[in-house]
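[1] Sharing a model prediction with you, sequence too.
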Protein chains: 2
Amino acid sequence: MSPILRNDTFLRACLRQPTDYTPLWLMRQAGRYLPEYRATRARAGSFMGLATNPAYATEVTLQPLERYALDAAILFSDILTVPDAMGLGLSFEAGEGPRFERPLRDEIAVAQLQVPDLERLRYVFDAVRSIRRALDGRVPLIGFSGSPWTLACYMVEGAGSDEYRHIKTMMYARPDLLHRILDINAQAVAAYLNAQIDAGAQAVMVFDSWGGVLAHDRFAPFSLDYTRRVVQALQREHEGRTVPCIVFTKGGGPWLESIAACGADVIGLDWTCSLADARRRTDDRVALQGNLDPAVLFAPPETVAAQARAVLDDFGSPARADGRLGGHVFNLGHGISQHTPPEHVQALVQAVHEHSRRRRR
Amino acid sequence: MSPILRNDTFLRACLRQPTDYTPLWLMRQAGRYLPEYRATRARAGSFMGLATNPAYATEVTLQPLERYALDAAILFSDILTVPDAMGLGLSFEAGEGPRFERPLRDEIAVAQLQVPDLERLRYVFDAVRSIRRALDGRVPLIGFSGSPWTLACYMVEGAGSDEYRHIKTMMYARPDLLHRILDINAQAVAAYLNAQIDAGAQAVMVFDSWGGVLAHDRFAPFSLDYTRRVVQALQREHEGRTVPCIVFTKGGGPWLESIAACGADVIGLDWTCSLADARRRTDDRVALQGNLDPAVLFAPPETVAAQARAVLDDFGSPARADGRLGGHVFNLGHGISQHTPPEHVQALVQAVHEHSRRRRR
């Protein structure tokens, strides 16, 4: 039996239920800005050595919670675990970012692509179980995956990209091939997230990191439609609680209304969107997550605190005139930078908790 | 006396006057995708050798016009000429992009910054005069500059950047220093563009390439307010004709209404915005320029043509029910990629001209 969850503020905000304050966590909160992370990473020998070892993954997942009063933990893993399990040959070269040995560039490679055996991702589910045990009910654990489109970007490009030449060429020249990849990815991502939920993830997040590079008339057919398939295939309850689903499309502000209708409980926003505008546009039918510019954390602590308060004030009170509630999960608009001074994060956490409690009175 | 301008379709569309078809030009149309450009570049020895020599600049500016029935020429130059003239020490390292030897990082450097003597930019104005002579009235010549904010990004970062750490730290920690840089930049850019107009530029464009990286509440005070100052300081007429001004903010879709109110005649759009939506949001008070995804040009010519027609259909007829006219200048949503097959550009130009003529009937 699982221990009782002692802080469910994050889960309640995701579901637009009353909370005493605005919960927060930070994308990439277990990461290179923390010296203890860099120490574990050095012991593990490589990034994938860290991500594939449940004991190390547990250790680094919990590190930011030891320093800061964060309201959720997020599984330490990589978004490319699924394509790696599909046999594309993931590697990380120093200072180069991820790279696939066998990117999908032709009809034969695409035809051979299959939903991977989840057994090949067992290390991820083992990590989820191990982290849940280590958390012992402190805060909920978030599982995650890349979106079908975002995974496809890496799978076709073979590496990070500035202009997405290969995948966009495929999209315009051979949309049938890309739709096959996206279909397989949607099935794989849904199965992967459901297995994370079975292993103990109490919320899940889909990162559509590259949805924003699509043209306005391509975003729905090539990204959102497949994200929606994933969301609709997720189990909604586990261990007697609702499992909230968060969808984050970097650069997705222009398409917020349609993203908010995909079935997710929470929509992540980057800093180019005002939360007040986003609430108006979605009429609080979803909770919102975000959206401080991570660069604010380079400024002195008093500026960090002031900017955090501005984000909370932009969202406003969760309570509406009509008696319904909105929901806000405080986060950055993108992953925390490796150059962030750890003590600035302390100022952020404190400001969010204090100011949001004050606003609730 | 200047020769008569034989094709003023571009200028007319910018000013929302009737045209027989939709004019087009392409951002970075004189560039590396053309073998003749690469040949001239090799003779010049370096990128700056090309940009600072009026004879070479004239040669490469005219190259795309020899191949394609484009409706405008754009001055071949670099957006970093102004900060270079300010003494920041511009260099281009192979495969590295531009770099400044002396980026602005402290109070003393910022205090010493001055509007440059335009004499140091004489090679640009000489190029404008030389290109006008070579064009001999074929199509109009567009001059350009980076926006105050975009120039400041390079001046403070010292090079291209992923996270804009230095300039955003300055923005949040020492906004006074950044405002001083932006103030100097606005004065310098206005003087630079007015001198280009004096030398013969028949339209000018301000590239706010990095406006889209700003948070929603920072875009106006740190980018748009200074772009507006530039636009409002420009001479509106020269050689008896109105000189249209184009403002392009990459990623500026969310702020279109406020950008459209800055005084520019034309607003450039990237591909994340629908032109139909943009017309609704601006009520045709400005002309629109854009917005094909440059990646479409990697697809086969028939797909290029179909996508070009889709952009024209998205804009619709310039004529409105109330008798007013909208204006559309066809362009890409960003610079043309060096990997573009030149024959695909031919298909694009033909499709835009043919389909828009057909739509006008």
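    Nice, thanks for sending it over.

[2] Residue A:205: what's it in contact with?
    A:74, A:142-145, A:245-248, A:268 (C-beta atoms under 8 Å, 6 or more residues apart in numbering or on different chains). Bear in mind the C-beta positions are built from the backbone N, C-alpha and C, glycine included.

[3] I'd like to know which elements the host helix or strand of residue A:330 is packed against.
    Element membership for residue A:330, per DSSP states H and E: strand A:328-332. Contacts defined by 3 or more C-beta pairs under 8 Å, 6 or more residues apart in numbering or on different chains; DSSP states H and E place strand A:328-332 against helix A:9-14, strand A:287-292, helix A:301-315.

[4] Which among the ones you listed is found nearest to chain B?
    Ranking those by their distance to chain B (criterion: C-beta to the nearest C-beta) puts helix A:301-315 first, at 5.3 Å.

[5] And the contacts of the strand holding residue A:330?
    Here strand A:328-332 has contacts from A:10, A:13-14, A:22-27, A:246, A:266, A:268, A:275, A:287-294, A:297, A:308, A:311-312, A:315, A:318, A:352, A:356, using C-beta under 8 Å, 6+ apart.

[6] Now for residue A:60, how many residues are close by?
    Using other C-beta atoms under 10 Å in any protein chain shown, residue A:60 has 23 neighbouring residues.

[7] ditto for residue A:3
    11.

[8] Also residue A:56?
    The number of residues near residue A:56, taken as other C-beta under 10 Å, comes to 20.

[9] right, and it touches residue A:39 too?
    No. With contacts defined as C-beta atoms under 8 Å, residue A:56 does not count as touching residue A:39, sitting 11.1 Å away.

[10] returning to what we had before: near chain B, list only the ones from the contacts of strand A:328-332.
    A:293-294 (C-beta under 8 Å from any C-beta of the partner chain).

[11] for the one residue in the stretch 1-150 of chain A that gets nearest to chain B, what are its contacts?
    Relative to chain B, the nearest point of the stretch 1-150 of chain A is residue A:97 (11.0 Å; C-beta to the nearest C-beta). For residue A:97, the contacting residues are A:159-160, by C-beta under 8 Å, 6+ apart.

[12] circling back: next, the angle helix A:301-315 makes with the strand holding residue A:330.
    Interaxial angle of strand A:328-332 relative to helix A:301-315 (axes from the mean of the first three to the mean of the last three C-alpha atoms, to 10 degrees): 140 degrees.

[13] picking that back up, compile the helices and strands packed on strand A:328-332 into a markdown table and extend it with columns for mean neighbour count.
    Listed next are the helices and strands packed on strand A:328-332 as a markdown table, based on neighbours: other C-beta atoms under 10 Å in any protein chain shown:
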| stretch | mean neighbour count |
| --- | --- |
| helix A:9-14 | 25 |
| strand A:287-292 | 26 |
| helix A:301-315 | 19 |
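
[14] To residue B:361, which of the ones you listed lies closest?
    Residue B:361 lies closest to strand A:287-292 among the helices and strands packed on strand A:328-332, at 47.7 Å (C-beta to C-beta).

[15] Alpha carbons only: can I get that closest one in PDB?
    C-alpha atoms of strand A:287-292 as PDB (Å, rounded to 0.1, in the frame of the first residue of the first chain):
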ATOM      1  CA  ALA A 287      -5.600  24.800 -15.300                       C
ATOM      2  CA  LEU A 288      -2.600  26.700 -16.500                       C
ATOM      3  CA  GLN A 289       1.100  26.000 -15.800                       C
ATOM      4  CA  GLY A 290       3.900  28.500 -16.100                       C
ATOM      5  CA  ASN A 291       5.300  30.900 -17.100                       C
ATOM      6  CA  LEU A 292       8.200  32.800 -15.700                       C
END
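
[16] Just the residues contacting that strand, thanks.
    For strand A:287-292, contacts defined as C-beta under 8 Å, 6+ apart pick out A:13-16, A:244, A:246, A:248, A:265-271, A:273, A:275, A:278-279, A:282, A:307-308, A:311, A:315, A:326-333, A:348.

[17] can we see that at 7 Å?
    Under the contact criterion C-beta atoms under 7 Å, 6 or more residues apart in numbering or on different chains, strand A:287-292 has outside partners A:13-14, A:16, A:246, A:265-271, A:273, A:275, A:278-279, A:307-308, A:311, A:315, A:326-329, A:331-333.

[18] for chain A, what spans make up the strands?
    In chain A, the segments counted as strands under DSSP state E are A:73-74, A:90-93, A:97-100, A:141-146, A:203-208, A:237-238, A:241-242, A:245-249, A:266-268, A:287-292, A:328-332.

[19] Give the buried residues for the second one.
    For strand A:90-93, the neighbour count (16 or more other C-beta atoms under 10 Å in any protein chain shown) marks A:90, A:92 as buried.

[20] quick one: contacts for the residue lying closest to residue A:3 once chain neighbours are set aside?
    Excluding the flanking residues, the one nearest residue A:3 by C-beta to C-beta, 6 or more residues apart in numbering or on different chains is residue A:137, at 3.7 Å. For residue A:137, the contact set (C-beta under 7 Å, 6+ apart) comprises A:3-6.

[21] Show me which of these are buried.
    Buried members of the contacts of residue A:137, counted by 16+ other C-beta under 10 Å: residue A:5.

[22] Show me where the stretch 251-361 of chain A dips below the pLDDT cut-off.
    The stretch 251-361 of chain A contains no residues with pLDDT under 70.

[23] Get me the contact residues on it for chain B.
    A:253-254, A:271-274, A:293, A:295-296, A:298-300, A:303, A:307, A:337, A:339 (C-beta under 7 Å from any C-beta of the partner chain).

[24] State the number of residues packed around residue A:240.
    The number of residues packed near residue A:240 is 6, by other C-beta under 10 Å.

[25] Buried residues in the longest helix along chain A, which are they?
    The single longest helix within chain A, with elements called by DSSP state H, is helix A:175-199. Residues of helix A:175-199 classed as buried under the neighbour-count rule (16+ other C-beta under 10 Å) are A:175, A:177-182, A:184-197, A:199.

[26] Now do it against strand A:141-146, angle only.
    Computed by the same axes, to 10 degrees, the angle between helix A:175-199 and strand A:141-146 is 170 degrees.

[27] I'd like the average pLDDT over helix A:175-199.
    Mean per-residue pLDDT for helix A:175-199: 98.

[28] Packing partners of that helix?
    helix A:81-85, helix A:107-112, helix A:122-135, strand A:141-146, helix A:148-157, helix A:165-173, strand A:203-208, helix A:225-232 (3 or more C-beta pairs under 7 Å, 6 or more residues apart in numbering or on different chains; DSSP states H and E).

[29] Tally up the residues packed near residue A:17, please.
    Per other C-beta under 10 Å, the neighbour tally for residue A:17 reads 15.
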